[in-house]
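Peer 1: When you get a sec, could you give me coordinates for this:
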Amino acid sequence: MTLENLLYILVMALTTYLVRMIPFTVFRKKITSRFAKSFFYYIPYAVLAAMTIPAIFYSTGNVISAVAGLVVAVALAFFGKPLIVVAIAACLASFAVGLIPF
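Peer 2: Just a heads-up that it's a prediction; the model follows:
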């Protein structure tokens, strides 16, 4: 392993540590602001959506089949179906639309 690789690992370890340590040192008291509480509550959902939605459109190589899977997934999730049902139905819908020649 070269010195450059070790430097990369050290920088990444330091970055990861700081990201996890800074909130504990900055927020010592209980957060009472309604805005801050709601902001921190919705961050995981926003990050997950920002990572997932672009991946959906590039996952099949065909935007039409990807949109079909997304529509089925959103519809089933809206009606409160279990995650496994939503995932399987979205995959099947995307596969079925992908079989149609365009």
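
Peer 1: how near is the residue nearest the centre of the chain to residue 55?
Peer 2: Nearest to the geometric centre of the chain sits residue 48, at 2.5 Å (CA atoms, centre = their mean). Going from residue 48 to residue 55 by CB to CB, to the nearest Å gives 11 Å. Yep, even glycine has a C-beta here, placed from its N, CA and C like the rest.

Peer 1: now swap in residue 46 and tell me
Peer 2: 15 Å.

Peer 1: With residue 13 instead?
Peer 2: 27 Å.

Peer 1: now swap in residue 72 and tell me
Peer 2: Counting by CB to CB, the gap from residue 72 to residue 55 is 16 Å.

Peer 1: neighbour count winner among the two?
Peer 2: residue 72 (19 against 9; other CB atoms under 10 Å).

Peer 1: show me the contacts for the more buried one.
Peer 2: By CB atoms under 8 Å, 6 or more residues apart in numbering, the contact list for residue 72 reads 89-90, 93-94.

Peer 1: quick one, phi/psi of it?
Peer 2: Dihedral pair for residue 72: phi -60, psi -40, per degrees, to the nearest 10.

Peer 1: What residue, apart from its backbone neighbours, is nearest it spatially?
Peer 2: The shortest distance from residue 72 to any residue other than its chain neighbours is 4.1 Å, reached at residue 93 (CB to CB, 6 or more residues apart in numbering).

Peer 1: How many neighbouring residues does that neighbour have?
Peer 2: Taking other CB under 10 Å as the definition, residue 93 ends up with a neighbour count of 20.

Peer 1: list the contacts for it?
Peer 2: 68-69, 71-72.

Peer 1: rerun at 7 Å
Peer 2: Neighbour list for residue 93: 68-69, 72 [criterion: CB atoms under 7 Å, 6 or more residues apart in numbering].
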